[in-house]
Structure formats: C-alpha cells, structure tokens
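Colleague: build me a model:
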Amino acid sequence: MVIKKIVENAVQAKKEIEDLTSQGYTHDDIYIFAHDKKRTENITEALDTEKVGMKEQGFLDSMKNMFTSRGDELRSKMEAAGLTAEDAADAERELDHGKLVLIAKK
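Modeller: Numbers count the residues shown, from 1 in each chain. Here you go, the predicted structure:
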C-alpha cells in the first residue's frame, strides 16, 4: 500500500511521519521530496527517512536522472517510490509551489 501526503514544511512532515510510524510504517518505508535537492537532503537527514536510490530505481534510471531536468528526476524517483505516473506528475506540481511530498510504501 502506498500513501502520499502533501505538507507545507518540515514541522508538518515530522507530524505526518509520527502518524505513519504509529500505523506500522518504519522510517525506511517513508520518502520525502522537495523541489530543491539540498532541501530534500536536509529534511531527509533531519527526519531520518529513506532516500530513493539505485535500489528503488535500478541502475539505468539512476544514470538517466543524472542527465534530466529536476522535474523529470523527481517524477522518476516518486514513481520508483510507488506512485503512478499520474500521481507523480500531480505531486511534482505541488513541489513547484514549495510544498513537500511524503510517500510511505510498505
């Protein structure tokens, strides 16, 4: 089961993560996305959530993301985390407005 949550900031993200962990998700099941790469890294590290990497994406998609736009990279990573292409596109539009996207996948 995949859950997608849209939040305004890291404080709200922390609350959502606490709610998700109380429902049985682990920090390794939860991914956070922000449009700015550095913001994603900082929040992911601060809230101890998982990063989408080669394990989730596969080698070829990971390499392809090195040469694509940030929007394409984000959509690809959100799909690897469990969203459909349509949901990933919708979530990426939310990121364009400065919001954060949380994805929880068991």
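
Colleague: where's the residue lying closest to Ala34 once chain neighbours are set aside, which helix or strand?
Modeller: Distances taken as Cβ to Cβ, 6 or more residues apart in numbering put Thr40 closest to Ala34, at 4.4 Å, once the chain neighbours are dropped. In short, each C-beta sits where N, CA and C put it, glycine included. Applying DSSP states H and E as the criterion places Thr40 in helix 37-47.

Colleague: check Leu74 too.
Modeller: Using DSSP H and E, Leu74 falls in helix 70-80.

Colleague: output that helix as PDB, restricted to C-alpha atoms.
Modeller: Extracted in PDB, the C-alpha atoms of helix 70-80 (Å, rounded to 0.1, in the frame of the first residue of the first chain):
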ATOM      1  CA  ARG A  70      14.900  18.200 -11.900                       C
ATOM      2  CA  GLY A  71      11.200  17.800 -12.600                       C
ATOM      3  CA  ASP A  72      11.800  14.600 -14.600                       C
ATOM      4  CA  GLU A  73      14.200  13.300 -11.900                       C
ATOM      5  CA  LEU A  74      11.600  13.900  -9.200                       C
ATOM      6  CA  ARG A  75       8.800  12.200 -11.100                       C
ATOM      7  CA  SER A  76      11.000   9.200 -11.800                       C
ATOM      8  CA  LYS A  77      12.000   8.900  -8.200                       C
ATOM      9  CA  MET A  78       8.400   9.300  -7.000                       C
ATOM     10  CA  GLU A  79       7.400   6.500  -9.400                       C
ATOM     11  CA  ALA A  80      10.200   4.400  -8.000                       C
END
